[in-house]
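[1] Sequence below, structure please.
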Amino acid sequence: MAPGSRREARRRAGRRQVTALHDAGAVRAWVGAGGDLASFPSSTAGLAAARLVDTVVGRGVRGAAREAAVAELARQLDRAGDDPAFWAAFYRETSPADLYVLLGEDGVAVDVDGSVLDRSSPAGEAAAAVRSSFGTWTATLTPAEQEALGARVVDDLGTRTIPVGWSSTATLLLAGAHVHPRVHAGAVRRIEAVRRDLAAYPDPLTPIPFERDTAHLTAAALEGMAASSEESLRFLSGDGDDSLAAARSALWFGTQPAGGWADGGDGVTALLRSAVLHGEADADHQQASALVLSRATVELPGGLLAHDGLLAARGLLPFELSETAQRRLADAYVPYVDAFDRNVNSMDDFPAVGTWTALPDAHDAAFPGIAGRHLPYLEPQSLSDVLSATMADEAGTARWQREMLEHYERSARAVLAPGSDVRGRAETISVVDAFLHAHDHAVSDAASSPAACTGRRSSTRRTGTRGTRPRCRPS
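    Got it, this is the predicted structure:
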């Protein structure tokens, strides 16, 4: 061992000789879990387990001795159960990089999606204990510590070719139960920063290894951050910076990582849905969520939804959204069916990105969900492409037909109701006809597009069912 390494080992060993009550993190975790100082258990067991990790990670033991050390560590972690003081001491001394070496080398204990492969092996037992305890521990951290931890999960992997076992262990950390969404947010922000840095290199192939090796980690981080609608909206709104919001929309919705999305787009569509629904339901954030959806609509067809052949710019394989991703994408647009007619009928001088608000005395304010509400501009062709992606199977098409029928009924009742601003039978018929035509145009064009038809044909081949309306145009 090099002199510098020996000094670092001695320094870390010395720091661990502190008494349990000097471990502020352990004390905070114990008290936060309802314990009192009189019954505070010794955290030396957690420190001892961390020292054992050091021994294995530092390559101080090999072969049978390493196997014995890992087996002993698995026993210690299993005995700890859900003792918050133990895990606070353990994780404060054990970095993500230590866990990558412990669980990601000398055999595969963790699958690429973060699941434990063999819980009967010592490494598998240790991995299962880490997966079940890491999330609970993250809840005891401060917001700044949570974000910093998420960033470190990514940083400790490096940016070049990453061993499969390392990236699998990183995914295990973020895919476990109860991991705080701010940890995921910290990881997503760091992944984003690395992707931007690598994309700045002259060689366009530079980002591919990182994107490929962190595919499952990225999916887990996005899925986890989507669990917090506030974090999701804050992130996609660029933390209040419009230029950053536009750049994020372009990166996450306007491109695909190398090889496509490992989860079929589940995580990234969950992020969009979470952000949009949070703001749509809250008047204070309504404009922000409408702007997020407007930006995403323009970016999606050339990025997340670009599954019609090889993408020349990146050389990616064809990609199709999973059924879950299709549903989540539709969820983000259903609250804004009120905006479809304005967007389809406003082909001239159309602002591709933005929001609008109908004043109470505006002509279309008679329709429900319009007056005084912030609504997104949804570029017509892009909207049609997005809707077609959500109708790639019969269930998706049926859902939109149901949603639109319900919307037609609400709207017709509104314009025909006593006291409506619409005056006279002729004007009523004109308004309703124009309104229904606009919505029919938006939905039927999408349903009969080549992308939607191709998706339904694929679904028919998979399920053995026959397609029904709407009819697809001949290819």
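[2] Now do the same contact list for D118.
    D118 is in contact with A109, G124, counting by CB atoms under 8 Å, 6 or more residues apart in numbering. For the C-beta atoms, the positions are set from N, CA and C on the backbone; glycine is no exception.
[3] per-residue pLDDT, it?
    The per-residue pLDDT reported for D118 equals 85.
[4] what about it, distance to A129?
    For D118, the distance to A129 equals 14 Å [CB to CB, to the nearest Å].
[5] swap in D284?
    D284 is 42 Å from A129, by CB to CB.
[6] More neighbours: which of these two?
    Applying other CB atoms under 10 Å to D284 and A129 shows that A129 carries more neighbours, namely 23 against 7.
[7] Which residue, other than its chain neighbours, is closest to L141?
    L149 (6.6 Å; CB to CB, 6 or more residues apart in numbering).
[8] swap that for G265, please
    The shortest distance from G265 to any non-neighbouring residue, by CB to CB, 6+ apart, is to A325 (3.6 Å).
[9] Tell me where the model's unsure across the stretch 1-150 of the chain.
    1-43, 59-60, 106-107 (pLDDT under 70).
[10] was I right about L174 contacting A220?
    Yes - assessed by CB atoms under 8 Å, L174 is found in contact with A220 at 4.4 Å.
[11] joint contacts of these two?
    When contacts are counted by CB under 8 Å, 6+ apart, L174 and A220 are jointly contacted by G114, H184.
[12] hang on, the earlier thing: would you mind listing the buried residues in the host helix or strand of the residue nearest to L141?
    Per DSSP states H and E: L149 is located in helix 143-155. Buried residues in helix 143-155, counting neighbours by 16 or more other CB atoms under 10 Å, are found at E145, Q146, E147, A148, L149, G150, A151, R152, V153, V154, D155.
[13] Identify the residues contacting it?
    Helix 143-155 is contacted from outside by 95-96, 138, 141, 170, 173-174, 180, 182-191, 194, 214, 217, 221, using CB under 8 Å, 6+ apart.
[14] May I see the buried residues of stretch 77-93?
    For stretch 77-93, burial by neighbour count (16+ other CB under 10 Å) applies to 77, 80, 83-93.
[15] Using a markdown table, please lay out those together with distance to G354.
    A markdown table is the format used below for those (distance: CB to CB, whole Å):
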| residue | distance to G354 |
| --- | --- |
| L77 | 53 |
| A80 | 54 |
| D83 | 53 |
| P84 | 48 |
| A85 | 53 |
| F86 | 53 |
| W87 | 48 |
| A88 | 48 |
| A89 | 52 |
| F90 | 50 |
| Y91 | 45 |
| R92 | 47 |
| E93 | 51 |
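[16] Those residues in helices, which ones?
    Within the buried residues of stretch 77-93, residues falling in helices by DSSP state H are L77, A80, P84, A85, F86, W87, A88, A89, F90, Y91, R92, E93.
[17] one step back: helix or strand right after the helix holding L149?
    For helix 143-155, the following helix or strand on the C-terminal side (DSSP H and E) is helix 164-175.
[18] and that next one, what other elements does it pack with?
    Under the contact definition 3 or more CB pairs under 8 Å, 6 or more residues apart in numbering; DSSP states H and E, helix 164-175 sits against helix 96-104, helix 122-138, helix 143-155, helix 181-199, helix 215-226.
[19] how far off helix 215-226 does that helix point, in degrees?
    Using axes from the mean of the first three to the mean of the last three CA atoms, to 10 degrees, the direction of helix 164-175 lies 10 degrees away from that of helix 215-226.
[20] Strands of the stretch 251-400 of the chain, start to end?
    Taking DSSP state E, counting those that start in this stretch to define them, one finds strands in the stretch 251-400 of the chain at 355-357, 374-376.
[21] Give the buried residues for stretch 387-400.
    For stretch 387-400, the neighbour count (16+ other CB under 10 Å) marks L387, S388, A389, T390, M391, A392, D393, E394, G396, T397, R399, W400 as buried.
[22] Pull up the distance across it, start to finish.
    9 Å (CA to CA, to the nearest Å).
[23] ok, now stretch 55-65?
    Start and end residues of stretch 55-65 are separated by 10 Å (CA to CA).
[24] Next: stretch 77-90.
    Across stretch 77-90, the terminal residues are separated by 9 Å (CA to CA).
[25] can you tell me how far R160 sits from A193?
    Taken as CB to CB, the span from R160 to A193 is 16 Å.
[26] just R413 next, same as before
    Look at R413 and A193: by CB to CB, they are 50 Å apart.
[27] quick revisit: between R160 and A193, which has more neighbouring residues?
    A193 (13 against 10).
[28] returning to what we had before: pipe the buried residues of stretch 387-400 into CSV and attach pLDDT and distance to V57 per row.
    Output for the buried residues of stretch 387-400, formatted as CSV (pLDDT from 0 to 100; distance: CB to CB, whole Å):
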residue, pLDDT, distance to V57
L387, 89, 51
S388, 88, 50
A389, 89, 45
T390, 91, 47
M391, 88, 51
A392, 81, 46
D393, 83, 48
E394, 85, 52
G396, 87, 48
T397, 86, 53
R399, 89, 50
W400, 87, 53
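[29] With distance to F134 added, can I get those residues in JSON lines?
    Output for those, formatted as JSON lines (distance: CB to CB, whole Å):
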{"residue": "L387", "distance to F134": "40"}
{"residue": "S388", "distance to F134": "40"}
{"residue": "A389", "distance to F134": "35"}
{"residue": "T390", "distance to F134": "35"}
{"residue": "M391", "distance to F134": "39"}
{"residue": "A392", "distance to F134": "36"}
{"residue": "D393", "distance to F134": "36"}
{"residue": "E394", "distance to F134": "41"}
{"residue": "G396", "distance to F134": "36"}
{"residue": "T397", "distance to F134": "41"}
{"residue": "R399", "distance to F134": "37"}
{"residue": "W400", "distance to F134": "40"}
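[30] ok, so of the residues you listed, who is nearest L291?
    L291 has its nearest neighbour among the buried residues of stretch 387-400 in L387, at 19.6 Å by CB to CB.
[31] okay but that closest one is in contact with R399, surely?
    No - assessed by CB under 8 Å, L387 is found out of contact with R399, at 10.9 Å.
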